[in-house]
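S.K.: Predicted coordinates and the sequence they were generated for:
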Amino acid sequence: TPVKELTLQEAQDEIKPLRAKLTKWGKEYYEQDNPTVEDHVYDRAYQRLVQLEEQFPQLVSADSPTQRVGGATESQLTKVRHEIPMLSMGDVFSIEELMDFNQRQQENRDVEVEPEYNLELKIDGLSLSLVYENGKLVQGSTRGNGTIGEDVTANVRTIKSVPAELPEPLSIEVRGECYMPKAAFAKLNAKREAEGLPVFANPRNAAAGSLRQLDPKVTAQRELDTFMYYVPEYQKIGVKTQAEALDRMRELGFNVNPNNRVVHNRDEIEKYIEEYTAQRDKLTYGIDGIVEKVNDLDTEVALGNTVKVPRWEIAYKFPPEEQATIVRDIVWTV
Ligand SMILES: NC(=O)c1cc2c(=O)c3cc(F)ccc3oc2nc1N
């Protein structure tokens, strides 16, 4: 129900469990690096609470997750503001849903969308932003809540695949995924087990726990890697499509996943999904789906973003390998 149609009592009844969930999820994410919900589920709940508190300021309380910079719980890392929000992605769970998404995009009246997509593997890590000034790395940060992230500059300098300097004096931001290869994950957990330390549930949590360290020396031992995938100001690198942007990032020395593919129809999309569903276990890194992006970058901008997710891309998620109990007790009718 739109916030403005709620009574004070209804708002109160919705805010209470919402705060409890966001606080719980925030602790899992910020303190334990062990989130039980996808980023965009957290983001949507967070935005809903922001809207409710804007509509009913008398209900705001100091302990509300919205009153703490950087999400629900403080991480000791310095905060970074993302001038261009780092959004998470909506997701679909079947080819039918994916084709419906494409259909709706095509029907978007004000934007003529060429049905040309760039498909990429959805690396199961955490989002990373790298900022370069005149070709030199000046900042590394996490996504945080999309607007406020954490400064991990010293930590990213220890990651071998992160260029300290570019071959061209560019002042750009490059975004991608920081991940822990499967072999490194297995080695780390074996070591932790031997030392009687708690093991990480999966490579994504291990990557998050390793990147978001206060001590860069710890990060340096964790064998993290990156696959970069996005330049927000793509005009600065002289490209027109996402596929060209990936090639350009390769030229600049970034590690870019080699398995992207430009496709034009359902058959090609299905073929790509089948191929990588089959190959998933053979890859040396974790993937949890496929990312489909409109290839033309100007069209991406024209399609824009909703409050929290881009309209020009969607993540197709593989069925969970182990039947993880994913908290899905919020049904969203925004
Ligand atoms: N995990 C991934 O492998 C992956 C993730 C994203 C994003 O999260 C993402 C979020 C945005 F707001 C914009 C583009 C993006 O592109 C992306 N591309 C990828 N290949």
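M.R.: Structure's in. What do you need?
S.K.: burial measure for Phe254, as a count.
M.R.: 21 (other CB atoms under 10 Å). (C-beta placed from N, C-alpha, C; glycine too.)
S.K.: Looks to me like it is in a helix.
M.R.: No - going by DSSP: H, G, I helix; E, B strand; the rest coil, the assignment for Phe254 is coil, not a helix.
S.K.: Identify the residues contacting it.
M.R.: Residues near Phe254 by CB atoms under 8 Å, 6 or more residues apart in numbering: 161, 163, 174, 176, 226, 228.
S.K.: Out of the residues you listed, the closest to the ligand would be?
M.R.: Ranked by distance to the ligand (CB to the nearest ligand atom), those are led by Gly176 at 7.5 Å.
S.K.: So that closest one: helix, strand or coil?
M.R.: Three-state assignment for Gly176 (three-state DSSP): strand.
S.K.: Okay, and the beta partners of it?
M.R.: Assessed by DSSP bridges, Gly176 has beta-bridge partners Leu128, Met228.
S.K.: Distance of it relative to Gly125?
M.R.: According to CB to CB, to the nearest Å, Gly176 and Gly125 sit 9 Å apart.
S.K.: Which helix or strand lies directly C-terminal to the host helix or strand of Ala190?
M.R.: Using DSSP states H and E, Ala190 falls within helix 182-194. Heading C-terminal from helix 182-194, the first helix or strand you meet, by DSSP H and E, is helix 203-211.
S.K.: quick one: that next one to helix 182-194, angle?
M.R.: 70 degrees (axes from the mean of the first three to the mean of the last three CA atoms, to 10 degrees).
S.K.: helices or strands up against helix 203-211?
M.R.: strand 126-133, strand 173-179, helix 182-194, helix 216-220 (3 or more CB pairs under 8 Å, 6 or more residues apart in numbering; DSSP states H and E).
S.K.: and it, how far out from the chain's middle?
M.R.: 13 Å (CA atoms, centre = their mean, to the nearest Å).
S.K.: in it, what's buried?
M.R.: Using 16 or more other CB atoms under 10 Å as the test for burial, helix 203-211 gives 203-211.
S.K.: Quick check: mean pLDDT of that helix?
M.R.: The average pLDDT for helix 203-211 rounds to 92.
S.K.: Now do that helix against strand 126-133, angle only.
M.R.: Using the same axes, to 10 degrees: helix 203-211 against strand 126-133 is 40 degrees.
S.K.: Residue ranges in the stretch 151-300 of the chain under the pLDDT threshold?
M.R.: Within the stretch 151-300 of the chain, the set of residues satisfying pLDDT under 70 is empty.
S.K.: Within range of the ligand, give me the residues from it.
M.R.: Residues of the stretch 151-300 of the chain lying close to the ligand (CB under 6 Å from any ligand atom) are 177, 229-230, 291.
S.K.: Top of these by number of neighbours, please.
M.R.: Tyr229 (25 neighbours).
S.K.: Pro85: how many residues sit nearby?
M.R.: Residues contacting Pro85 under the criterion other CB under 10 Å number 17.
S.K.: Actually, Leu170.
M.R.: For Leu170, using other CB under 10 Å, the count is 16.
S.K.: Can you show me the strands along the stretch 1-150 of the chain?
M.R.: For the stretch 1-150 of the chain, the strands defined by DSSP state E, counting those that start in this stretch cover 79-81, 91-92, 117-123, 126-133, 136-142, 148-150.
S.K.: Worst mean pLDDT among those strands?
M.R.: When the strands of the stretch 1-150 of the chain are ranked by mean pLDDT, strand 91-92 comes last with a mean of 87.
S.K.: Remind me what that one packs against, helices and strands.
M.R.: In terms of contacts (3+ CB pairs under 8 Å, 6+ apart), strand 91-92 is packed against helix 95-106, strand 313-317.
S.K.: Can you give the contact residues for the last one?
M.R.: I take that to be strand 313-317. By CB under 8 Å, 6+ apart, the residues outside strand 313-317 that reach it are 89-93, 95, 98, 101, 122, 273, 288-294, 300.
S.K.: rewinding a little: now, of the helices and strands packed on helix 203-211, which is deepest in the fold?
M.R.: Highest mean neighbour count of the helices and strands packed on helix 203-211: strand 173-179, a mean of 24 (counted as mean count of other CB atoms under 10 Å).
S.K.: from the chain's centre, how far out does that strand sit?
M.R.: Relative to its chain's centre, strand 173-179 lies at 9 Å (CA atoms, centre = their mean).
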